[in-house]
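Next come a sequence and a model predicted from it.
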Amino acid sequence: MRDGRLIGANTFCRLAGRTFRDVTTAMFQLNPKRRFVSLLVGLSLISALQAESFRWDRSGGSLSLRNGDATVWALKIQKGDCKPCIHPLNTVDGFELSDYRPADHIWHTALWFCFKLINNRNYWEENRETLLSDGRTKVIDYQITTREDFSALIRMTLSYHLPDQADLLTEKRQIHVSSPNEDGSYSMDWRHSFKAKEKVVLGRTPRIGEPNGVAHGGYAGMSLRLNKQTLKWKFLDSEGRQDSHGKRARWMSFSGHTTQGDASVSIFDHPSNPRFPNYWFVFPSMPYFSPAFLFENSMVLDAGEDLDLIYRIKVHSRLPGIENIEKEFRDFSSDYPKTAARSTEGANRRIDLVELGKTIATNYACVECHSITKEPELGKQGSGWFGLIGKKTSEKNVIQQGEEARVRVDEAYIRRSILEPTAQMAIREHEPQKGTPFLPIMPPYPMLKPLEIDGVIAYMKTLNEAPNRGPLTVWRQNEIQAVDTRDPHEIVVEDQPLVYRVAMKDVSTRAISVGLPGGYNYIFDPCTFSVRKAWKGGFINLAKERTGRGSGFNDINRIKHESVLSEECLAPLGLSGPIDLSYKDYLNDRDWQLKRFQEDLKNPKPFLEQAPDGDYQFLGYLRLKNQPPVFQFRIDGVEYDQQLVFESDEVFHYHFKTRGATAPIRFQVLEDRVESVQSSHGVLKDGLLEISARDAGNFSVSVRLRRKAPKHPSGPAMLTRLAIASSPGTPDGNGGDAMAAIDENIETYWDETNDLKEYSLELSLPFEKRMNTLILMGWQHQNFAPRDFQVLVDGQVVKTVQDAQYKNNLLTVRFDPVEGKVIQLKITGYYGRSPAIRELKVFLQ
């Protein structure tokens, strides 16, 4: 039932002196026949009362949707000079979200679309007396269609021009407003179709680093100015960040408490929009936010060219949670399947491939590793681009399938180098390392569209001396492509194993991630010749590596990953003990790297002499069709082949083949992480597995993981899945914001500035829930974890904990059952220097 019916039903039941729950409970206690009749009668009464809840109001020459005495939303529009807008934008129960013409910026008109500069003339700011801009936005015509289900379709035609001059740009705009949903939410889809009447430059205030740049530069387009009542609300973007200004994201949500409970408003950037995912302009102190498609640079439209933009605004009368917002984004993306996916300058228009390629080379930091000048620069990690490909092809020495070969450098070679960068490893042509191959550190870029790769090639061809230089401008009609609604950085395993060498946290720089069909994944680390981590669910997400110049180590898939199954539990040993090649493969941990770097500066021993005692060498891996990869390495003259196969969440099998063993080979078993280990050969004693030389040629080791604590109740009782977490402090070190404490990912954690007297973590539920148990996981066992704290529900202390004692880094706190919406931890004592929390669960047991 929609909200209108629910409100009507509750009204009817109150008039009868009963609650809606009383009536429905009594109804379902009847026998089936009488229950069916009663249900029909009940639904008829509820339906009859719907009109008393929602109604259309056209007074004042515009349109608004009313819910009783409260306004849900209202359209402000008139023919002539006008920037149409939605105000107020409210929740269904009337809490006002938007701010209209505030004193600080009177040209901010709640929810609206506006260009900043067209051909360097201002269409944004307005004269405070006339309320007119230098450039004019004019409504030529509009039509409004309302429906009985309280949805609406608004169509309008607009023009953009200077006073008394011809149109520079025209627009067809549609706003489709959904009817209120059962959960008290509704949405508005804005579709803009622009056509340039002559060449126009869509611009914005320059940003820092540009001529006359200012800190507040970059805004233009779809915008929402919020009511001051929302100043304490929190922003959250699709990448899980709260500090999202100037960062790319697929959507942005703004949520918090209201006088009626909780609410949120989100803006979704459609995948077909140019430059998707766009940078966001966020100004929390107003508050204001916008998917600023011109944030990075201006956009040029030639005469007759089109520009299409699509956005969704979603209003919730509760806190929806990140998974629901993600689902909304996927639904929104698929609602417009025929919309073309555009490259950086939009579809159905000509683009300059050279300029496109130059932009991609800059955005993906290609020029950081590849020299584009005639003389190769020192410190580059990839082959130089200058003179590599031009009007004529050339030849180059590479390592291919372990052998040196000479290949033709043509467009096919460049394309393969982008998609499969380790297939043909280029050999250095300049001193001091001439004749040696470049390191295989370049990641593949499967997210680049064919047109974008063509752009990179066109740009590379311009990096030549005049006789061989390619054309400086190459015009190409942009192709129309199907919309991909997935996160472009999410690596999805389908029917074949995937092997990726990317930067993952807490493993070496050369670690290799493996994704297997069926949802099992692991990381093999050539620094230790061992499996360092295994998990179930989604594979990996490379957003941090592929966004701008990189923003940190990559994640295991944050939306779909279910659980980390195991850390390292079986490791091969050399004659001198565990394998440790970290002297040349730093661990992906900033604090560890800094400490190690400082130690290396003090180490008088030359780098090449720092190798540990023993003959240790990673030999690569084999890709076998429809099978997990086989990793190869050498320890003290013995060559190993290792393959990992998963039986279940708790059992997996190592299959080994070795060559050259003349003495027993050994493995370390980390017994605190496993329940049992069985080997087809050998003896396990005191954590040491020893296989005789005679049996070492072919053997298997089966590991059963130590059973974890029973999973906490799921579904409605798992209250943290419904919550929004917040805290007043600032994330510290590698810690995340408050949402990291309830994201069901033990790899992330909430942590704030060290050594404070008090810390606070607050969870807000969309409605009152009954609870009596809290389970908390610290950063490490009684190290950087809460020790002394109070648990408050709706401001009332329900439990005081002193000198908390964890078991395997888990703490269970029980209290008398209580109903509430806000759970708060007030922490006054902690182990370590701050009370970090990897996971916090609240439920009714």
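All right, it came through fine.

so what are the domain limits for the chain?
Domain assignment for the chain by automatic domain parsing gives 3-52, 56-334, 351-477, 490-705, 715-843.

Tabulate those (a markdown table), appending mean pLDDT.
Formatted as a markdown table, those follow (pLDDT from 0 to 100):
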| stretch | mean pLDDT |
| --- | --- |
| domain 3-52 | 38 |
| domain 56-334 | 91 |
| domain 351-477 | 84 |
| domain 490-705 | 85 |
| domain 715-843 | 86 |
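
can you list those domains in JSON lines and add mean neighbour count?
In this view, the C-beta of every residue, glycine as well, is placed from N, C-alpha and C. Shown next, in JSON lines, are those (neighbours: other Cβ atoms under 10 Å):
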{"stretch": "domain 3-52", "mean neighbour count": "14"}
{"stretch": "domain 56-334", "mean neighbour count": "19"}
{"stretch": "domain 351-477", "mean neighbour count": "16"}
{"stretch": "domain 490-705", "mean neighbour count": "17"}
{"stretch": "domain 715-843", "mean neighbour count": "18"}
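
secondary structure class for N273?
Put simply, N273 is coil when judged by DSSP: H, G, I helix; E, B strand; the rest coil.

What residues are bridge-paired with the closest residue to it other than its chain neighbours?
Of all residues not flanking N273 in the chain, L309 sits nearest, at 5.5 Å (Cβ to Cβ, 6 or more residues apart in numbering). Going by DSSP bridges, L309 is paired in beta bridges with H192.

go on, I691?
Applying DSSP bridges to I691 gives these bridge partners: I665.

Contacts only, for it.
664-667, 679, 681-682, 699 (Cβ atoms under 8 Å, 6 or more residues apart in numbering).

now it: how far from A738?
Distance of I691 to A738, computed by Cβ to Cβ, to the nearest Å: 49 Å.

now swap in D589 and tell me
23 Å.

Same check on F667?
Distance of F667 to A738, given as Cβ to Cβ: 41 Å.

before we move on, what about S764?
10 Å.

shared neighbours of those two, anything?
725-726.

tell me the centre residue of this structure?
With the centre of the chain defined as its mean C-alpha position, the nearest residue by Cα atoms, centre = their mean is E239, 2.8 Å away.

Give the helix, strand or coil label for it.
On the basis of three-state DSSP, E239 is classed as coil.

What are the phi and psi values at it?
Per-residue torsions, E239: phi -100, psi 10 (degrees, to the nearest 10).

Which residues lie in contact with the residue lying closest to it once chain neighbours are set aside in this structure?
Leaving aside its sequence neighbours, E239 sits nearest to A249 (Cβ to Cβ, 6+ apart; 5.6 Å). By Cβ under 8 Å, 6+ apart, the contact set of A249 is 237-239, 241, 269, 277-278, 280.

Sort out which one of those lies nearest Y123 for me.
Y123 lies nearest to N278 out of the contacts of A249, by Cβ to Cβ, at 19.4 Å.

circling back to that earlier point, hang on, the residue nearest to the centre of the chain packs against K247?
Yes. Here E239 reaches K247: they are 7.4 Å apart, a contact under Cβ atoms under 8 Å.

can the contacts of A249 go into CSV with extra columns for distance to K449?
Output for those, formatted as CSV (distance: Cβ to Cβ, whole Å):
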residue, distance to K449
D237, 24
S238, 21
E239, 22
R241, 26
D269, 18
P277, 15
N278, 17
W280, 23
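
Closest to G261 out of those residues?
Nearest member of the contacts of A249 to G261, counting by Cβ to Cβ, is D237, at 23.5 Å.

so that closest one sits right up against M252, yeah?
Yes. Counting by Cβ under 8 Å, M252 is a contact partner of D237 at 5.0 Å.

what do the two both touch?
Common neighbours of D237 and M252 (Cβ under 8 Å, 6+ apart) are 244, 280.

Would you list the phi and psi of P629?
Note on P629: its backbone torsions stand at phi -70, psi 160 [degrees, to the nearest 10].

Quickly list what the nearest residue to it once chain neighbours are set aside is bridged to.
Closest residue in space to P629, ignoring its immediate chain neighbours: Y621 at 4.8 Å, by Cβ to Cβ, 6+ apart. As for beta bridges, Y621 partners with F631 under DSSP bridges.

Where do the helices of this structure begin and end?
Assigned by DSSP state H, the chain shows helices spanning 3-15, 20-27, 32-50, 322-334, 353-363, 366-369, 411-419, 450-461, 543-546, 590-602.

check contacts around Q593.
586-587.

what about 6 Å?
Y586 (Cβ atoms under 6 Å, 6 or more residues apart in numbering).

repeat for A534
522, 565-566 are the contacts of A534 under Cβ under 6 Å, 6+ apart.

Chain neighbours aside, what residue packs nearest to it?
Take A534 and drop its neighbours on the chain: the residue closest to it by Cβ to Cβ, 6+ apart is Y522, 4.2 Å away.

just A785 next, same as before
According to Cβ to Cβ, 6+ apart, the nearest residue to A785 is G778 (2.5 Å).

List the beta-bridge partners for that neighbour.
Beta-bridge partners, per DSSP bridges, of G778: I837.

Pretty sure I746 sits against R838.
Yes. Counting by Cβ atoms under 6 Å, I746 does reach R838; the two are 4.9 Å apart.

any common contacting residues for those two?
Contacts common to I746 and R838, judged by Cβ under 6 Å, 6+ apart, are absent.

one step back: and the residue nearest to the centre of the chain, how far is that from I540?
Relative to I540, and taking Cβ to Cβ, E239 is found at 14 Å.

Also A836?
Distance from A836 to I540, by Cβ to Cβ: 24 Å.

Please apply the same query to G221.
From G221 to I540 the distance is 32 Å (Cβ to Cβ).
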